[in-house]
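1. Here's my sequence, what's the structure:
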Amino acid sequence: MVLTATRPMPLGGEAPPFELPEPLTGGTTGLSAVRGEQGTVVLFICNHCPYVLHVIDQLVDVAGDYGPRGIGFVAISSNSVDSHPQDGPEHMAVFATEHGLPFPYLYDEDQSVARAYDAACTPDIFVYDRELRSVYRGRLDGSRPGNDVPVDGRDLRAALEALLNGAAMPSPQLPSMGCNIKWKPGNEPAQ
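-> Residues are numbered from 1 along each chain as shown. Predicted coordinates:
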């Protein structure tokens, strides 16, 4: 495990489209299907990462609180199953069921979506407005495994409240931190 932070990104860019398999349902889901009337949250997660496991229940709670308010949610796993078979589709379906994910959990086998989003770690959190323009890329909150800070979703919740209320986004936007995405050989992004 390599502790990795999200990379800074200019805000205002458009969300890259995608259409990916959803292991739980056996279907496919795209950005247009998960897009919320008021905004959209794109999460890069995986099954095994201790940082994801530490916050997954709060991610579910945030989606439960903001989904009814017009925010769409989707999670994507882009980890190589060659090096991390526990992140494969069959395990993703179990993970989605065990954690009661109220949003699609999609499989990015060729890692093209992670590259399009410049995703770096799990969890990596992106928030887009109703026009699918980026407004937030940052952390859920200040909690990490072992640091005794409560997992309350404070930072993401503040960003979503600002989005819903037409207010300025919280600043500074602090990076998410977690395990690096497990890239297939040759797929690693340039640093």
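2. Run through the residues that contact the residue nearest to residue 3 when sequence neighbours are not counted.
-> Excluding its sequence neighbours, the residue lying closest to residue 3 (C-beta to C-beta, 6 or more residues apart in numbering) is residue 177, at 6.1 Å. Placement of C-beta: from N, CA and C, glycine included. Residue 177 makes contacts with 3, 4, 5, 6, 51, 121, 139, 144, as judged by C-beta atoms under 8 Å, 6 or more residues apart in numbering.
3. One more pass at 10 Å, please.
-> Contact analysis of residue 177 by C-beta atoms under 10 Å, 6 or more residues apart in numbering lists 3-6, 51, 120-124, 139, 142, 144.
4. go on, residue 175?
-> By C-beta under 10 Å, 6+ apart, the neighbours of residue 175 are 4, 5, 6, 7, 8, 120, 121, 124, 125, 137, 138, 139.
5. any chance of those residues in a markdown table, with secondary structure too?
-> Compiled in a markdown table, the contacts of residue 175 are given as follows (DSSP: H, G, I helix; E, B strand; the rest coil):
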| residue | secondary structure |
| --- | --- |
| 4 | strand |
| 5 | strand |
| 6 | coil |
| 7 | coil |
| 8 | coil |
| 120 | coil |
| 121 | strand |
| 124 | strand |
| 125 | strand |
| 137 | strand |
| 138 | strand |
| 139 | coil |
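6. Name the member of these with the most neighbours.
-> residue 124 (28 neighbours; other C-beta atoms under 10 Å).
7. That one against residue 59, yeah?
-> No. Assessed by C-beta atoms under 10 Å, residue 124 is found out of contact with residue 59, at 12.0 Å.
8. list residues touching both of these two?
-> Joint contacts of residue 124 and residue 59 (C-beta under 10 Å, 6+ apart) are 43, 45.
9. Can you classify residue 159 as helix, strand or coil?
-> Assignment for residue 159 (three-state DSSP): helix.
10. Okay, it and residue 34: tell me how far apart.
-> 18 Å (C-beta to C-beta, to the nearest Å).
11. who's more crowded, these two?
-> Legend: neighbour count by other C-beta under 10 Å for residue 159 and residue 34, higher for residue 159 (22 against 18).
12. What about the nearest residue to that one once chain neighbours are set aside, how many residues nearby?
-> Sequence neighbours aside, residue 136 is the residue nearest to residue 159 in space, at 4.1 Å (criterion: C-beta to C-beta, 6+ apart). The tally of other residues near residue 136 (other C-beta under 10 Å) stands at 23.
13. first vs last residue of stretch 80-87, how far apart are they?
-> This stretch, stretch 80-87, spans 8 Å end to end (C-alpha to C-alpha, to the nearest Å).
14. coming back round to it: considering the contacts of residue 177, which is situated nearest to residue 40?
-> Distances from residue 40 to these, taken as C-beta to C-beta, are shortest for residue 124 (14.6 Å).
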